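**Q** Kindly return the folded structure for what I paste below:
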Amino acid sequence: MLMTEQIAKWVSKKCPKLLCGLIPLFFFILAVSPVSFAGENYMPHLRLGAGARSIGLAGAFTAIADDATATVWNPAGLGSAADLSLNLSTQQLDLDRSHNFIALTKSLGSAGSIGIAATNFGVSDIPRYTESEEFKGEFDRSETAYSLSYGIGIGDYFNVGLTGRMLTDNFGAVDNSQSGFGGVDVGLMGHALHIDVGEEKVPTFHYGIVAKYLGAAVGDNTVPMVLNIGLAYNLYMGNVVTFAADFEREFVELEESVNSVRLGTEYTIVYKSTAFSIRGGVRASSDVQSLFGGFGVNVAGLQIDYAIQDGMASEINGVGSTHFASLSYRY
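**A** Residues are numbered from 1 along each chain as shown. Purely as a prediction, here's the structure:
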């Protein structure tokens with residue numbers, strides 16, 4: 001343990017040099033990775049994210065993900081995660097579709113943090129007919145992603161992280177099940193402009209960048225790579241106001257726009273061990289604009305969040321408003 005602490009102190013002192021070295025390394029990994037433009041938007045539910053808090057911010061979460069949902073948004077955020085973090089999320093869509101997420105992270109002290117997560121998207125009770133329109137029963141369709149993540153903080157200035165993922169695709173209509181490599185996520189997260197809040201020095205400015213699904217494919221289907229760049233600022237004025245912005249680029253051959261901007265704002269009122277947050281956000285591309293809202297209550301580390309997306313459009317061609325709920329715990 002003493003040796004680990006000495007290494008951590010050395011890394012902290014060398015932080016600026018390491019940062020200058022890791023940023024080029026990050027882009028080198030992107031350059032040598034097999035990035036292909038997918039011909040179709042395979043497994044689009046992966047881009048839905050996880051956690052009602054982040055959804056209430058319209059997904060502008062790349063720079064501030066610091067809980068169990070960092071396994072989805074940016075694994076570098078695990079470097080700032082609590083000792084223990086758990087998140088359970090559910091989302092009910094139209095046409096009997098569901099999207100569920102579970103993740104658990106654990107701190108390894110100065111050695112960083114690890115996280116495991118599972119994301120499932122499914123459609124149940126789909127009617128099946130013969131060519132003569134004779135009913136032959138019902139079947140289910142299920143797509144699941146299993147991930148293992150690692151993140152570490154380097155001093156008080158920035159974090160790095162990696163996620164590895166496996167994918168399964170079960171299509172009950174033809175008793176067909178296949179699995180494949182879900183790719184690698186590579187993320188960076190930085191913190192700056194520290195101020196004194198109580199007895200702590202906390203950062204007010206955050207930035208993040210993450211490349212997702214590098215090399216992901218199931219059978220002949222390629223999952224398109226996604227690149228997210230995010231900025232966030234915390235304004236402390238008794239309570240806390242967070243402003244966040246993300247730019248997303250999806251590498252897929254579609255007629256629709258593959259670029260989008262996400263903007264979110266969160267106002268948090270803190271009283272003793274209780275916090276109440278109100279959130280709102282907008283996601284916009286040249287084709288689609290969607291509004292988001294939500295709230296959350298945190299009591300001694302146990303948090304309940306709710307979010308809603310307007311009925312203009314959704315990530316996976318849904319209609320009507322979409323509701324999100326999540327339960328999380330941090331210790």
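
**Q** In the protein, which residue is most central in space?
**A** residue 73 (2.2 Å; CA atoms, centre = their mean).

**Q** so how far is residue 103 from the nearest residue to that one once chain neighbours are set aside?
**A** Spatial nearest neighbour of residue 73, chain neighbours left out: residue 65 (3.9 Å); criterion: CB to CB, 6 or more residues apart in numbering. (Glycine included, C-beta is placed from N, CA and C.) Plainly put, residue 65 is 11 Å away from residue 103 if you go by CB to CB, to the nearest Å.

**Q** shared neighbours of the two, anything?
**A** Common contacts of residue 65 and residue 103 (CB atoms under 8 Å, 6 or more residues apart in numbering): residue 72.

**Q** out of those two, which sits in the busier spot?
**A** residue 65 (33 against 25; other CB atoms under 10 Å).

**Q** Isn't residue 145 up against residue 164?
**A** No - look at residue 145 against residue 164 with CB atoms under 8 Å: they stay out of range, at 10.9 Å.

**Q** Of those two, which one has the most company?
**A** Using other CB under 10 Å as the criterion, residue 145 and residue 164 rank with residue 145 on top: 23 against 15.

**Q** Quickly list what that one is bridged to.
**A** Beta bridges link residue 145 to residue 119, residue 167, judged by DSSP bridges.

**Q** rewinding a little: identify the contacts common to residue 145 and residue 164.
**A** Common contact partners of residue 145 and residue 164 (CB under 8 Å, 6+ apart): residue 182.

**Q** Residue 76 - that's part of a helix, no?
**A** Yes - secondary structure of residue 76 (DSSP: H, G, I helix; E, B strand; the rest coil): part of a helix.

**Q** That one reaches residue 187, doesn't it?
**A** Yes - with contact defined as CB under 8 Å, residue 76 reaches residue 187; the gap is 3.9 Å.

**Q** Now do the shared contacts for those two.
**A** Residues touching both residue 76 and residue 187 (CB under 8 Å, 6+ apart) are 151, 159-161, 208, 210.

**Q** Just give me the closest of these to residue 119.
**A** Comparing the shared contacts of residue 76 and residue 187 against residue 119 with CB to CB places residue 210 closest, at 15.9 Å.

**Q** Helix or strand for that closest one, just tell me which one.
**A** strand 200-214 (DSSP states H and E).

**Q** cool, and residue 261?
**A** strand 259-271.

**Q** what sits against the closest residue to residue 250 other than its chain neighbours?
**A** Take residue 250 and drop its neighbours on the chain: the residue closest to it by CB to CB, 6+ apart is residue 258, 4.4 Å away. Contact analysis of residue 258 by CB under 8 Å, 6+ apart lists 249-252.

**Q** and the helix or strand harbouring residue 323, which strands flank it?
**A** Using DSSP H and E, residue 323 sits within strand 322-330. Here strand 322-330 is paired, per DSSP bridges, with strand 84-92 (antiparallel), strand 302-309 (antiparallel).
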